[in-house]
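>>> can't give you the sequence, but here's the structure:
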């Protein structure tokens, strides 16, 4: 096998592909946005076209004849129905689309264990049940499963991370008996493998770009797990905060922590567990409150070593998932000082306080001591905000090796295929 690994990341805006060599160096990277095809993130034609275009771009930049392994990550919980040949049957159901069938959600709630990630209004299991009834549907698949199917010719395989919200039990490593009692046809669910496990060789679709037929297609992961893997965090207690539109914290632990009362669940990564949660605070709140053109000037006036004393809980609207799980929790953004820079600093402090509470919550629930913290997302580059966060969290901050999920899933494929 060749020494190069390809990582394919499909997100809400497009597809990115990264090639990682034997030394862990990214030798090529390319991206394509869905809008280039005049389509939205729910267009399966755009998914396929963006994958095709991105592989063509990276093949033009770097010969892919040395690719030995590849894997795909996708948005957690996004699903579609496919026929026996792997062709989609209707549009996908996205990760954030709520199930409107209250009776179905109640049935899942009555059968699922208390800590199951299949619970809630955005249950991927509820999506699977809805999708299986579509005319011509032979299987249901997660987003990453389908793209991996294009690259392998196998549309019946998933991974433990993507399958988690569909009800898969990562401890017993099987679809549990209760899943079938919810009304889902278990025969239409994918076979679930350990993330990174090779399961097929490159398909004709993949070979069009110079990928050799011997290249191993490996089980992938979710975009969040791939982003964590990209940073280089790999030890017990190491954590990654994603400062994007929302705030996401993840930490490596020896044992899983599933506490839906606090919005906490865990993905399995080998013999370790990636535990954490996602808050509704984050960059989207900042973008709502402050004009993008003003951020540089406001940041320059922030004084991280002199806290404002403002006690904010920045949210766009009522409702929080983690570290407080309360659908009615109101935003707290008063009083508003006349000085916009002070208001801006207070909002940054509020988000940092939620982040710090998130890590304390994980510790209360059994997570290890916070050993180190890496940051990804647009907010990670704000030095003043980093200083505020360091003061509130009190753990060593380390640089992220990469912020690209495609790099993380490429590293997963390298390890799974035995290229390292």
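Here it is on my side, so go on. Fair warning: this is a prediction, and the values are worked out from it, not measured in the lab.

>>> surely residue 178 meets residue 108?
No. Residue 178 is beyond contact range of residue 108, at 9.1 Å (criterion: Cβ atoms under 8 Å). For the C-beta atoms, the positions are set from N, CA and C on the backbone; glycine is no exception.

>>> out of the two, which sits in the busier spot?
residue 108 (26 against 16; other Cβ atoms under 10 Å).

>>> For the residue nearest in space to the middle of the chain, which three-state class applies?
With distances taken as Cα atoms, centre = their mean, the residue of the chain nearest its centroid is residue 224 (2.3 Å). Secondary structure for residue 224, judged by DSSP: H, G, I helix; E, B strand; the rest coil, is helix.

>>> switch to numbering from 295
Yep, numbering from 295; the last one is residue 518 now.

>>> Tally up the residues packed near residue 577, please.
Neighbour count for residue 577, taken as other Cβ under 10 Å: 17.

>>> what about the residue of the chain positioned farthest from its centre, which helix or strand?
The centre of the chain is farthest from one residue, residue 632, which by Cα atoms, centre = their mean lies 38.1 Å away. Residue 632 is part of no helix or strand when elements are defined by DSSP states H and E.

>>> Can you tell me how far it is from residue 407?
51 Å (Cβ to Cβ, to the nearest Å).

>>> Could you list the domains of this protein?
Residue ranges for the domains of the chain, per automatic domain parsing: 298-518+699-710, 527-687.

>>> Just name the most buried of those domains.
domain 298-518+699-710 (a mean of 21; mean count of other Cβ atoms under 10 Å).

>>> measure it end to end?
Across its full length, domain 298-518+699-710 reaches 13 Å between end residues, using Cα to Cα, to the nearest Å.

>>> cool, and stretch 510-529?
Start-to-end, stretch 510-529 (Cα to Cα) is 27 Å.

>>> And stretch 622-631, by the same measure?
Stretch 622-631 stretches 26 Å from its first residue to its last (Cα to Cα).

>>> got it, and stretch 426-438?
Note: stretch 426-438 ends 18 Å apart using Cα to Cα.

>>> pLDDT averaged over it, what's the number?
Taken as a whole, stretch 426-438 has an average pLDDT of 97.

>>> just to revisit the earlier point, figure out which of the domains of the chain is closest to residue 693.
domain 527-687 (7.0 Å; Cβ to Cβ).

>>> roughly how far is that closest one from the heart of the chain?
16 Å (Cα atoms, centre = their mean, to the nearest Å).

>>> before we move on, what about stretch 518-529?
Distance of stretch 518-529 from its chain centroid, counting by Cα atoms, centre = their mean, is 11 Å.

>>> Can you give the contact residues for it?
With contact meaning Cβ atoms under 8 Å, 6 or more residues apart in numbering, stretch 518-529 is reached by 301, 303, 367, 370, 455, 489, 514-515, 533-534, 536, 542, 544, 546, 561, 563, 568, 665-666, 668, 670, 692, 694-703, 705-706.

>>> which residues are in contact with the host helix or strand of residue 438?
If you go by DSSP H and E, residue 438 is part of helix 437-446. Residues outside helix 437-446 that contact it (Cβ under 8 Å, 6+ apart) are 302, 304, 341-342, 345, 364-369, 372-374, 376, 380, 382, 386, 435, 448-449, 451-453, 456, 484, 493-497, 499-500, 511, 513-516.

>>> Restricted to strands, list those.
Residues of those located in strands (DSSP state E): 302, 304, 364-368, 373-374, 376, 435, 451-453, 493-495, 511, 515-516.

>>> so what's the residue nearest to residue 583 when sequence neighbours are not counted up against?
Residue nearest to residue 583 in three dimensions, not counting chain neighbours: residue 641, with 6.3 Å by Cβ to Cβ, 6 or more residues apart in numbering. Counting by Cβ under 8 Å, 6+ apart, residue 641 touches 579, 580, 583, 584, 606, 608, 627.

>>> So the first one sits against residue 610, correct?
Read it as residue 579. Yes. Counting by Cβ under 8 Å, residue 579 does reach residue 610; the two are 5.5 Å apart.

>>> Most widely separated two among the contacts of residue 641?
584 and 606 (13.3 Å).

>>> What's the separation between residue 695 and residue 314?
11 Å.

>>> Between those two, which contacts overlap?
Jointly contacting residue 695 and residue 314 under the rule Cβ under 8 Å, 6+ apart are residue 701.

>>> returning to what we had before: ok so the residue nearest to residue 583 is a helix residue?
Yes. Under three-state DSSP, residue 641 falls within a helix.

>>> Give me the pLDDT for it.
Residue 641 is given a pLDDT of 98.

>>> can you pull the contacts of the nearest residue to residue 506 once chain neighbours are set aside?
Distances taken as Cβ to Cβ, 6+ apart place residue 359 nearest to residue 506, at 5.9 Å, with adjacent residues excluded. Going by Cβ under 8 Å, 6+ apart, residue 359 touches 296, 504, 505, 506.

>>> Helix, strand, or coil at the second one?
Pointing back at residue 504 there. With three-state DSSP as the criterion, residue 504 reads coil.

>>> what ranges do the helices span in the stretch 395-544 of the chain?
396-405, 418-425, 437-446, 471-475, 498-501, 517-524 (DSSP state H, counting those that start in this stretch).

>>> looking at it, residue 512 is touching residue 364, isn't it?
Yes. Between residue 512 and residue 364 there is a contact at 6.9 Å, judged by Cβ under 8 Å.

>>> okay, and the common contacts of these two?
Shared contacts of residue 512 and residue 364, counting by Cβ under 8 Å, 6+ apart, come down to residue 707.

>>> From residue 635, how far out is the residue nearest to the centre of the chain?
Distance from residue 518 to residue 635, by Cβ to Cβ: 33 Å.

>>> Same check on residue 469?
Taken as Cβ to Cβ, the span from residue 469 to residue 635 is 53 Å.

>>> Equivalent analysis for residue 675, please.
Counting by Cβ to Cβ, the gap from residue 675 to residue 635 is 19 Å.

>>> Kindly report the same for residue 480.
For residue 480, the distance to residue 635 - Cβ to Cβ - is 57 Å.

>>> And residue 657, by the same measure?
Relative to residue 635, and taking Cβ to Cβ, residue 657 is found at 33 Å.

>>> do residue 577 as well
The value you get for residue 577 to residue 635, if Cβ to Cβ is used, is 18 Å.

>>> on that earlier part again, tell me the two of the contacts of residue 359 that are most distant?
296 and 504 (10.9 Å).
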